[in-house]
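Trainee: Everything below, folded, please.
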Amino acid sequence: MQEKFQALTEHVSAALSDALLAVEIRGGELCCQVKRGALPDALKFLRDDPNCAFTVLCDICGVDFPDRPLRFEVVYNLLSMRLNQRIRVKVDTDEDQPVPSAVGLFSSAGWWEREAWDLFGIYFADNPDLRRILTDYGFEGHPLRKDFPLTGYVELRYDEDQKAVVYDPVRLQQEFRSFDFLSPWEGMDKILPGDEKAASNEGDGTGEGQR
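Mentor: Now for the predicted structure:
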């Protein structure tokens, strides 16, 4: 298996030397960091080259690293059924710099790119139908970003007077609470049933009832 990975690594590294930023084996798969502008050529080579034959695009997903200058990582998971191999291709971008669309190479890329756009706000240039796919058309923001609030910004409800679905600002039913993670018995102003003996023996030196 190691020889198989080594041969694939050497072949891909030699063929895509101008496009690659880094190559490593992680989690039993070859991972390639590719320059954003070289992505279409790299994917086309991996699909068409007979020693690669990665003809199946299994997934495109986004990862958010807010502390990085290029906060988003777009990950392409490819499968070669003929050679029984997998490869992972990664590119870095931010919310302003578009990633070349892979729709022209893999028809399945359309929906994956829409999902990454919807949930992260990653823009894919030349995608013919870059619309929201999991959230509603009126949704604000991109919910898988690390800085997106867990409560969201708006909540959806049905208005009986308007006979329509409307959006309202989020209203929490109770304030957030800060827990000190102490025992639930500590700080109470009364003795619970069964604790009378412990309370009466405090400080008498017997140690009875001490926890």
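
Trainee: Show residues contacting the top helix by length along the chain.
Mentor: Counting residues, the longest helix found in the chain (DSSP state H) is helix 2-15. Where contact means CB atoms under 8 Å, 6 or more residues apart in numbering, the residues beyond helix 2-15 that reach it are Leu20, Val23, Ile25, Leu30, Cys32, Phe45, Leu46, Asp49, Asn51, Cys52, Gln85, Ile87. For the C-beta atoms, the positions are set from N, CA and C on the backbone; glycine is no exception.

Trainee: my read: Asp147 touches Pro66, true?
Mentor: Yes: using CB atoms under 8 Å, Asp147 is in contact with Pro66, at 6.0 Å.

Trainee: following the longest helix of the chain, which helix or strand comes up?
Mentor: With elements assigned by DSSP states H and E, the helix or strand that comes after helix 2-15 is strand 20-26.

Trainee: Quick one: mean pLDDT over that following strand.
Mentor: Mean pLDDT, computed over strand 20-26, is 91.

Trainee: ok and it relative to helix 2-15, angle-wise?
Mentor: Between the axes of strand 20-26 and helix 2-15, defined by axes from the mean of the first three to the mean of the last three CA atoms, to 10 degrees, the angle is 170 degrees.

Trainee: What residues of strand 20-26 count as buried?
Mentor: The neighbour-count check on strand 20-26 (16 or more other CB atoms under 10 Å) flags Leu20, Val23 as buried.

Trainee: Now do that strand: which elements does it pack against?
Mentor: helix 2-15, strand 29-34 (3 or more CB pairs under 8 Å, 6 or more residues apart in numbering; DSSP states H and E).

Trainee: Neighbouring strands of it in the sheet, and parallel or not?
Mentor: Its sheet considered, strand 20-26 pairs with strand 29-34 (antiparallel) by DSSP bridges.
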